[in-house]
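> Provided below are the primary sequence and the corresponding predicted coordinates.
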Amino acid sequence: MTQPIPDPDRYDLYERCVQSPLDVVTLLNAIHAGAPLALAEDFAGTNAVSRAWTAQSNHHTAVAADTDNSALLHAPAPARLTRLIADVTADPRLADHRADVLFVGNFSIGYLHTRKDLVAYLGRSRARLNPRAILVLDTYGGSEAFGKGSVHRNIPLGGGRHVRYTFQRRAADPLTGLVENAVHFRVFAGGEAFLDLTDAFVYRWRLWSIAELREALHEAGFTASQVFAQVPAGPGQAVPVTAAADLGDNWAVCIAGRI
Amino acid sequence: MIKNPKPATVHARLDRFALYELAVQQPRQSARFLAALHGRRPVTLGEDFCGAAAISREWVALSPRHRAIAVDRDPEPLAHASSHPRLRLVCKDVTVVRDKIDILAAFNFAACELLTRSALLKYLRNLRRRLTPRAIAAFDLYGGPTACMTGRQTRILRGPVGERIEYTWDQQRIEPFRSCVRNAIHFKVTPPRRKPYIVRNAFVYDWRLWSVAELREAMLDAGFKSTEVHDRLGAALDQTGRLHARPANDSANVDEDFMVYVVGRI
């Protein structure tokens, strides 16, 4: 008798539909261009990137921090991964874990709604870095970023199941720079929907522009910043994007600050 | 400030500055709007990056009490501003001007001439020192999906002697790395019973396209007490004909592609 396949929860579906932790680890290594060992992942959620990071070798360590303990503790922690239920904008324990790479992914920098908070966070983050370390964060933008709309993707889950993933840009306020987005999942088996997770995740972000983030990094003491495509060109390859034509009308990028 | 990389051909009837005022500006409405924003009895208007100082000219025409100080570092458009005993034209960098003012207007997206946040802050801090108690500063900005794309928009209007004027706004380049854009204005003028003439690249602008939120935060950092956003040049006239201005507190009132006025109070 076969075991029934357990129903996925919203965190499983998020990792399956949204994240590519191995690609992120490849990109972070390439941007650093040295031999980084210690990762810090802020606003880490299920800390998928940290888990992939520590799997690289017995010398790689990671510290994943988030205020949401249900997300943070969702997956078992591998060796050399420290998980901190912490407010990354204020928790003094973060300073005890120096990092070669500090990663803020999934547009989480948007949780900081004011420039004052952004610069203060970047300044504190800079103080957590080892020499030659990098801070990498991501953002998106373009003609559709402040408009309403949805994108859908169907992703196979195995066992005859698939999930319909929806990213909804629900509201945008050009007067404050704030947006509200939501992620929905609908899971199908044999063509029939059996799990509907509407509003699985709802985000209220400040949508920072590339220029704003780079200026804030500079103000926080980073000496240089570069823009990269979110997906690595290949192992060891991270070529900065410098031509607007390479971005297109709508884009998502990583921005790296160097100290 | 108005930039022109290649001086346009001067023609007998309408030069590029006259065409600009016809096609782009609403100086009388702007002057009345600024008075309504202030809400008391403002006397001195400052117009920074003033070009041909159209708003200042209307301001001094609105009341015999009114005075204006119009500043631009480019002497060419200033030379097109007609002189007036209560209008002072100053050919200087706007960040070194010290004259006190009750209202500051920097329209036609003039704040976008400042390409970095440090340059914007330097300007705003100097401006803050120029403002008298209860003064206001007003800037206009545009944004929305179309602002992030290259493309052209054309409008047709009529000149003073019936010329057909084709005005083209040309978003030539978008550069998201620095939030910079290059825009240009072209004119095609067809006088009655005469051959048309074209003024291509009459004005070319290399701007930082500030978001509303960025400008508001920078104003607060520079010492303004509060900011508000208006989506039009005044909301309503009362029975005495006086214009009233009401902020657009809810972004639902702002179009997806928008042009708004960001107002700072001290």
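Okay, I see it. Note that the structure is a prediction, hence the values are computed from the model and not measured.
> Name the strands paired with the helix or strand harbouring A:Val101 and say parallel or antiparallel.
Here A:Val101 sits within strand A:99-104, counting by DSSP states H and E. Sheet pairing for strand A:99-104, assigned by DSSP bridges, gives strand A:38-41 (parallel), strand A:129-142 (parallel).
> which one of the ones you listed has the most crowded surroundings?
Of all the strands paired with strand A:99-104, strand A:38-41 has the most neighbours on average by mean count of other Cβ atoms under 10 Å in any protein chain shown, namely a mean of 26. Yep, even glycine has a C-beta here, placed from its N, CA and C like the rest.
> Skip ahead from that strand and say which helix or strand is next.
Per DSSP H and E, strand A:38-41 leads on to helix A:48-54 as the next helix or strand towards the C-terminus.
> What helices and strands are in contact with that next one?
Secondary-structure packing of helix A:48-54 (3 or more Cβ pairs under 8 Å, 6 or more residues apart in numbering or on different chains; DSSP states H and E): helix A:21-32, strand A:38-41, strand A:61-66, strand A:81-85.
> Go through those and pick out the most buried.
strand A:38-41 (a mean of 26).
> which residues are in contact with it?
For strand A:38-41, contacts defined as Cβ atoms under 8 Å, 6 or more residues apart in numbering or on different chains pick out A:28, A:47, A:49-50, A:53-54, A:60-65, A:94, A:97-105, A:128, A:130.
> Pull the residues that contact stretch B:109-118.
Stretch B:109-118 has contacts (Cβ under 8 Å, 6+ apart) with A:215, B:1, B:48-49, B:120, B:123, B:139-142, B:178, B:180-181, B:205-210, B:214-215, B:218.
> So for it, mean pLDDT?
Mean per-residue pLDDT for stretch B:109-118: 96.
> Show the end-to-end separation of that stretch, please.
One end of stretch B:109-118 sits 18 Å from the other (Cα to Cα, to the nearest Å).
> So which bits of the stretch 151-266 of chain B are right by chain A?
Contact residues, the stretch 151-266 of chain B versus chain A (Cβ under 8 Å from any Cβ of the partner chain): B:173-180, B:208, B:211-214, B:217, B:221, B:229, B:248, B:251, B:254, B:256, B:258, B:260.
> now, which of the residues you listed lie within helices?
B:Val212, B:Ala213, B:Glu214, B:Glu217, B:Asp221 (DSSP state H).
> and these as a markdown table, adding neighbour count and pLDDT?
Compiled in a markdown table, those are given as follows (neighbours: other Cβ atoms under 10 Å in any protein chain shown; pLDDT from 0 to 100):
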| residue | neighbour count | pLDDT |
| --- | --- | --- |
| B:Val212 | 23 | 95 |
| B:Ala213 | 24 | 96 |
| B:Glu214 | 24 | 97 |
| B:Glu217 | 20 | 97 |
| B:Asp221 | 15 | 97 |
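> how about those in a markdown table, adding distance to A:Arg10?
Below are these laid out as a markdown table (distance: Cβ to Cβ, whole Å):
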| residue | distance to A:Arg10 |
| --- | --- |
| B:Val212 | 34 |
| B:Ala213 | 30 |
| B:Glu214 | 34 |
| B:Glu217 | 34 |
| B:Asp221 | 39 |
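> Quick check: of the residues you listed, which lies closest to chain A?
Nearest to chain A, judged by Cβ to the nearest Cβ, of those is B:Ala213 at 3.4 Å.
> For that closest one, which non-adjacent residue is closest in space?
A:Gly177 (3.4 Å; Cβ to Cβ, 6 or more residues apart in numbering or on different chains).
> so who does the one you found touch?
A:Gly177 makes contact with A:Arg206, A:Leu207, A:Trp208, B:Ser211, B:Val212, B:Ala213, B:Glu214, according to Cβ under 8 Å, 6+ apart.
> Look up the closest residue to the fourth one, ignoring the ones flanking it.
Read that as B:Ser211. Nearest non-adjacent residue to B:Ser211 (Cβ to Cβ, 6+ apart): A:Gly177, at 5.7 Å.
> Nearest residue to the middle of the chain?
No chain in the question, so chain A it is. Residue closest to the mean C-alpha point of chain A, counted by Cα atoms, centre = their mean, is A:Gly105 at 1.8 Å.
> wrong one, chain B
Taking Cα atoms, centre = their mean, the centroid of chain B lies closest to B:Phe107, which sits 1.7 Å from it.
> from memory that one sits against B:Ile55, does it?
Yes: using Cβ atoms under 8 Å, B:Phe107 is in contact with B:Ile55, at 6.5 Å.
> Need the residues touching each of these two.
Taking Cβ under 8 Å, 6+ apart as the criterion, B:Phe107 and B:Ile55 both touch B:Gln25, B:Ser30, B:Glu47.
> Of those, which are in range of chain A?
Answer for the shared contacts of B:Phe107 and B:Ile55 near chain A: none qualify (Cβ under 8 Å from any Cβ).
> ok, and the most crowded of those?
B:Glu47 (33 neighbours; other Cβ atoms under 10 Å in any protein chain shown).
> Can you name the residues in contact with the strand holding A:Val101?
Residues from elsewhere that reach strand A:99-104 (Cβ under 8 Å, 6+ apart): A:24, A:28, A:32, A:34, A:36-43, A:49, A:63, A:125, A:128-130, A:132-138.
> just for the stretch 151-266 of chain B, where's the confidence low?
For the stretch 151-266 of chain B, the stretches with pLDDT under 70 are B:235, B:237, B:239, B:241.
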